[in-house]
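Asks: Got a sequence here, can you model it:
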Amino acid sequence: PPPTEECPLSPGTDSRTSAHKDRIAALERQLNIELKVKQGVENMIPVYSNGSTKDKKMLQTAQQMLQDSKTKIDIIRMQIRKAMQANEQSDDTQGE
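Replies: Okay, the predicted model is just below:
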């Protein structure tokens, strides 16, 4: 006899939920990487702040990297929120 499994309420619902969860997990991994980049750049800025003219260029580069990193972090967090909302909506429609 075939194994007894719960039937999904509608075809593709489980895979949609799984895809949402995979997307959220991927975004969270991306966020963790970007947070580490930001932390690394923040650690570099004081080193370049006390240096020579050559270091001033590096300081500008590091400050730009920090700004870029903060922007990416904001975008990723927004994408995570959107993905979680989409996941909740698909959970809501699953029960109907």
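Asks: Low-confidence ranges, this protein, go.
Replies: 1-14, 93-96 (pLDDT under 70).
Asks: Can you tell me the centre-most residue of this protein?
Replies: Geometric centre of the chain, nearest residue: Leu27, 3.1 Å, by C-alpha atoms, centre = their mean.
Asks: Could I get the contacting residues of that residue?
Replies: Going by C-beta atoms under 8 Å, 6 or more residues apart in numbering, Leu27 touches 76, 79-80, 83. All C-beta spots, glycine's among them, are computed from the backbone N, C-alpha and C.
Asks: Most widely separated two among the residues you listed?
Replies: Within the contacts of Leu27, Ile76 and Ala83 form the most distant pair, 10.3 Å apart (C-beta to C-beta).
Asks: At which residues are the strands of the protein located?
Replies: Assigned strands in the chain: none (criterion: DSSP state E).
Asks: Helices along that one, start to end?
Replies: 13-49, 53-94 (DSSP state H).
Asks: now Asp22: how far from Asp91?
Replies: Using C-beta to C-beta, to the nearest Å, Asp22 is found at 15 Å from Asp91.
Asks: Am I right that Tyr48 is in contact with Met65?
Replies: No. When contacts are counted by C-beta atoms under 8 Å, Tyr48 is not listed as touching Met65 (11.2 Å).
Asks: Just put the contacts of Leu27 in a markdown table and tack on neighbour count and distance to Glu42.
Replies: Formatted as a markdown table, the contacts of Leu27 follow (neighbours: other C-beta atoms under 10 Å; distance: C-beta to C-beta, whole Å):
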| residue | neighbour count | distance to Glu42 |
| --- | --- | --- |
| Ile76 | 19 | 18 |
| Gln79 | 16 | 23 |
| Ile80 | 18 | 22 |
| Ala83 | 20 | 27 |
